[in-house]
Structure formats: structure tokens, C-alpha cells
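>>> Mind looking at a prediction? Sequence and model below.
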Amino acid sequence: MTGAMGERGVVFLGSPAFPDAAREALKDDRLRANLKRATTTIRDKRLSVASELDDWEALRDSAEAIKRRTARHLDQYLVQLEESVTAAGGTVHWAADAAEANRLVTELIRATGGSDDETREVVKIKSMATQEIGLNEHLAEAGITAYETDLAELIVQLGNDRPSHILVPAIHKNRGEIRDLFTTEMADWGRPAPDGLTDEPAALAEAARLHLREKFLRAKVAVSGANFACADTGTVAVVESEGNGRMCLTLPETLITVMGIEKVLPTYTDLEVFLQLLPRSSTGERMNPYTSLWTGTTSGDGPTAFHLILLDNGRTDTLADEVGRQALACIRCSACLNVCPVYERTGGHAYGSVYPGPIGAVLTPQLVGVENAASLPFASTLCGACYDACPVKINIPEVLAHLRA
């Protein structure tokens with residue numbers, strides 16, 4: 001992914017503005033067909049599994065209340081989280097912006113051994129925060145190769161592309177395009193694709209598995225994001241669907257987690273609410289296939305060193321806006337993207353941001369400065385479908401109107 005850093009250190013491609021980029025996207029019939037097929041499938045699955053729960057609306061109310069309480073007392077919960085992680089054997093670092101976070105990660109990787117100029121390899125779990133700060137590009141400049149292990153992120157990386165969806169970064173690619181990409185690009189990243197590779201999902205997944213397995217076994221350092229972190233216990237949570245995250249979280253000797261400060265939850269029991277809402281809202285599943293929880297370090301089990309980097313990068317400024325701060329409650333489920341008529345027709349690249357769709361239209365301008373992303377709050381019909389779908393009840397139309405003003 002190539003991009004420019006905004007004033008606050010967020011990867012943001014501010015030109016062309018959304019209207020011009022959207023017009024170009026609307027000319028791509030294949031893109032629109034891929035988007036419509038994928039978003040319709042996910043949307044229908046989400047509606048089906050959400051309707052199975054009699055207390056679905058009560059869960060949404062609870063999630064909204066927890067997030068509001070967290071925002072009001074964020075400073076206290078972050079200090080408590082640091083104390084809990086430290087007591088469990090981990091190390092907490094604070095990063096005011098992207099430059100500081102990237103520097104910390106690079107120094108921690110180099111500290112694992114070897115000379116400073118030695119080319120290194122790390123394995124990565126899908127992480128919006130590390131995309132936000134342009135970590136892969138920064139590591140490459142430092143002579144460190146970061147291998148994406150999420151299948152969709154791998155597709156994006158092999159194609160030198162940009163993610164276009166929060167949950168399904170390669171949603172703009174169909175199976176044939178993915179097969180062609182694997183056939184032509186995998187060899188340059190270490191292991192060529194199998195001969196005669198077809199576009200069957202099982203065959204593509206097996207090609208990715210063979211490609212990544214040796215990297216899992218060889219890597220000494222893994223870099224992850226975090227879906228949640230519990231202030232009272234210091235427990236960090238990552239949810240994923242393929243098992244690649246579990247490999248990254250258990251095999252390497254050192255684990256470095258980059259987490260936006262808004263991801264903290266007050267208590268471990270709060271996970272009960274969000275682990276019901278997130279899988280249903282994101283992939284239309286009743287339960288997430290892989291939910292990994294870890295608390296510091298444990299002798300003889302998993303990484304021997306754990307570092308948690310708490311990333312601000314514009315979030316404190318966002319918190320100061322009593323209307324706009326709602327965007328920080330986002331749990332990155334992508335439900336708003338899948339119901340948005342604008343996103344379905346333009347795709348994520350038109351937003352020029354790591355965070356596309358309705359949530360990107362309200363979050364990105366606040367992280368980079370509204371003046372630097374002035375067209376994004378207008379990338380919406382204000383139909384309200386995003387508000388209805390949001391599991392934590394972010395009133396996205398209200399924030400859009402606020403930012404437009």
C-alpha cells in the first residue's frame with residue numbers, strides 16, 4: 001500500500017477528493033459487481049443471525065453504554081490497563097502519533113537480536129491501527145519485511161494494493177483475479193504458487209497456507225492489533241476467522257501489539273457483550289472461529305516478551321468533540337459499509353482512507369483534521385442505514401451532519 005501521511009500521522013490519500021474518485025469507481029462494472037455480491041451476502045447473513053437473539057437490541061444498548069462510560073473515563077481505564085499488563089509481565093509503551101509508534105515497533109524488533117542493519121522478517125495479524133500509521137512501509141525502509149498473514153491482507157500485499165473494506169480488505173477482487181495474482185506474485189515473496197492453481201476457494205486457501213507456513217515457523221517477532229483490552233485484568237483480545245492470528249500469537253518469541261487507546265474496556269466481563277455483537281455484525285456468524293485472549297506472558301506458553309503500544313494519533317482530539325467522539329466507539333465490524341448504498345457502488349478506495357465507508361467518513365476527518373478530508377462527510381446520502389446496523393449505536397448521520405457544519 002502506498003500513501004501519504006496526513007498532518008497527524010494517518011495514512012490518507014487526500015487527492016483526488018471523494019467525488020472525483022467515486023466517479024472513476026462507478027465506471028468499473030467488475031468492481032461494482034464484486035462489491036454488490038459480497039456486501040449482499042454478508043448483509044443477509046448478519047440479519048439472519050441477529051434475528052435469532054431475543055435480546056439483540058438490549059445487547060446494543062449495553063455496548064453503547066459501556067463505550068460511553070469508557071469515553072468519559074478513558075484516562076483512568078488506560079492507566080489501569082497499563083498497571084494490569086505490567087503486573088502480568090508485559091510492557092506498555094505510549095505513542096502520541098504514528099512516528100512514535102513506528103519508531104517503537106522498529107526498536108523493539110531490532111532489540112530481539114542481530115545488528116541494526118540486518119534484514120528481518122516479522123509476521124503480522126490483520127490490524128487497522130498498523131495500516132493507519134503506515135507501519136509496513138516504515139519497516140520496509142528500515143530493512144524489515146512484514147508478512148501479512150490474513151488471507152485478504154495477503155492478497156492486498158501481493159498486489160501492492162490498498163484495502164477497500166474493514167473486514168474483507170480484498171472485497172474488490174474476485175476469485176479469478178486472486179488466482180492470477182497468486183500465480184504471478186507469490187514467487188517474489190518466497191514460495192511460488194502450486195502448478196495448475198485453480199480459482200476454487202479451497203485451492204486458493206491451500207496456496208496461501210503453504211506460502212505462509214514456513215514464515216510462521218521462522219519468525220521470531222509478530223505484530224498484531226487488538227480488538228479489545230480489559231483494564232481490570234490486562235487481557236488483550238484478537239478475533240479472526242482463519243487461525244493465522246493464533247499462529248502469530250503463540251509461535252514467535254516476541255509479540256508487539258499496536259492498539260488504539262479507544263479499544264480499552266473497563267472489565268473482562270464486558271467482553272460478554274461484544275463477543276456476541278461483533279461476529280454477528282461482521283461476518284454473520286454466531287461465534288467467531290478464533291478468539292484469542294492473552295494476559296501478559298506465561299512461562300513456557302507463547303511469547304516470552306509482550307509489548308503493548310497504546311496509540312493516540314488524533315484520538316484525544318476526537319474525544320474532545322462531544323458529538324464526534326461517538327466514532328471512537330467503533331468496533332470495526334464493517335456492518336455500516338455493507339448496508340451503505342454509497343459504499344456498495346464506489347468501494348473503499350474512493351474514500352482515500354484506511355477507514356472507508358460511513359465510519360471512515362466520520363472517523364478519518366477527525367483523525368487527520370476536517371480541513372484535510374473535507375469531502376468525506378459528504379460521502380453519504382444520510383439515509384440512516386448505517387445507524388440502524390451499527391451494533392454499538394453510533395449515530396453516524398448525526399456526526400456526518402456535525403462535521404459538514
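All right, it came through fine. Everything quoted here is computed from the prediction, not taken from an experiment.
>>> Show me where the chain dips below the pLDDT cut-off.
1-16, 113-119 (pLDDT under 70).
>>> center of it - which residue?
With distances taken as C-alpha atoms, centre = their mean, the chain has residue 128 as the residue nearest its mean C-alpha position (2.8 Å).
>>> in this protein, which spans are strands?
91-95, 120-124, 144-148, 221-224, 228-230, 235-240, 254-260, 264-265, 290-295, 305-311 (DSSP state E).
>>> how about those strands in a markdown table, adding distance to residue 271?
For every residue, glycine as well, the C-beta is placed using N, CA and C. Converted to a markdown table, these look like this (distance: least, C-beta to C-beta, whole Å):
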| stretch | distance to residue 271 |
| --- | --- |
| strand 91-95 | 20 |
| strand 120-124 | 23 |
| strand 144-148 | 26 |
| strand 221-224 | 17 |
| strand 228-230 | 6 |
| strand 235-240 | 6 |
| strand 254-260 | 15 |
| strand 264-265 | 7 |
| strand 290-295 | 8 |
| strand 305-311 | 17 |
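>>> With residue 394 as the reference, name the closest of the ones you listed.
Relative to residue 394, the nearest member of the strands of the chain by C-beta to C-beta is strand 254-260, separated by 15.2 Å.
>>> between that closest one and strand 235-240, how many degrees?
Direction vectors for strand 254-260 and strand 235-240, defined by axes from the mean of the first three to the mean of the last three C-alpha atoms, to 10 degrees, enclose an angle of 90 degrees.
>>> Can you tell me what sits against strand 254-260?
95, 101, 105, 108-109, 112, 127, 129-130, 132-133, 135, 220-226, 229, 236, 248-249, 294, 302-311, 313, 315 (C-beta atoms under 8 Å, 6 or more residues apart in numbering).
>>> Pull out the buried residues from those.
With burial judged by 16 or more other C-beta atoms under 10 Å, the buried subset of those is 95, 101, 105, 108-109, 127, 129-130, 132-133, 135, 220-226, 229, 236, 248-249, 294, 302-303, 305-311, 313, 315.
>>> for stretch 185-196, which positions count as buried?
For stretch 185-196, the neighbour count (16+ other C-beta under 10 Å) marks 185, 186, 189, 192, 193 as buried.
>>> I'd like the distance between the second one and residue 197.
Right, residue 186. As defined by C-beta to C-beta, to the nearest Å, residue 186 lies at a distance of 9 Å from residue 197.
>>> what touches both of these two?
Overlap between the neighbourhoods of residue 186 and residue 197 consists of residue 207, taking contacts as C-beta under 8 Å, 6+ apart.
>>> which residues touch the residue nearest to the centre of the chain?
Counting by C-beta under 8 Å, 6+ apart, residue 128 makes contact with 166, 225, 332, 354, 355.
>>> repeat that for 6 Å
Residue 128 is in contact with residue 332, counting by C-beta atoms under 6 Å, 6 or more residues apart in numbering.
>>> cool, residue 91 as well?
residue 307.
>>> separation between it and residue 100?
Looking at residue 91 against residue 100, where the rule is C-beta to C-beta, the gap reads 15 Å.
>>> and if you look at residue 139?
The spacing between residue 139 and residue 100, counted by C-beta to C-beta, is 15 Å.
>>> Residue 52 now?
Relative to residue 100, and taking C-beta to C-beta, residue 52 is found at 44 Å.
>>> Comparing the two, which residue is more hemmed in?
Under the criterion of other C-beta atoms under 10 Å, the comparison of residue 52 against residue 100 puts residue 100 first, with 18 against 9.
>>> Report the distance from stretch 157-170 to the chain centre.
In terms of C-alpha atoms, centre = their mean, to the nearest Å, the centre of stretch 157-170 is set 11 Å apart from its chain centre.
>>> my bad, should have said stretch 141-151
16 Å.
>>> Would you agree residue 106 is in contact with residue 141?
No - Residue 106 is beyond contact range of residue 141, at 9.2 Å (criterion: C-beta atoms under 6 Å).
>>> out of these two, which sits in the more crowded spot?
Shown here are residue 106 and residue 141; by other C-beta under 10 Å, residue 106 has more neighbours (19 against 11).
>>> quick one: buried residues of stretch 387-396?
Taking 16+ other C-beta under 10 Å as the neighbour-count basis, stretch 387-396 is seen to contain the buried residues 387, 389, 390, 391, 392, 393, 394, 395, 396.
>>> from those residues, which single one is nearest residue 364?
Minimum separation from residue 364 among the buried residues of stretch 387-396 (C-beta to C-beta) is found for residue 396, which lies at 12.7 Å.
>>> residues contacting the closest one?
358, 362, 386, 387.
>>> taking those one by one, which sit in helices?
Assigned to helices by DSSP state H, the following of the contacts of residue 396 qualify: 358, 362, 386, 387.
>>> May I see the residues you listed arranged in CSV, with distance to residue 84 as well?
Conversion of these to CSV gives the following (distance: C-beta to C-beta, whole Å):
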residue, distance to residue 84
358, 34
362, 31
386, 34
387, 34
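>>> residue ranges of the helices in the stretch 151-300 of the chain, please?
151-158, 175-185, 201-218, 244-250, 271-282 (DSSP state H, counting those that start in this stretch).
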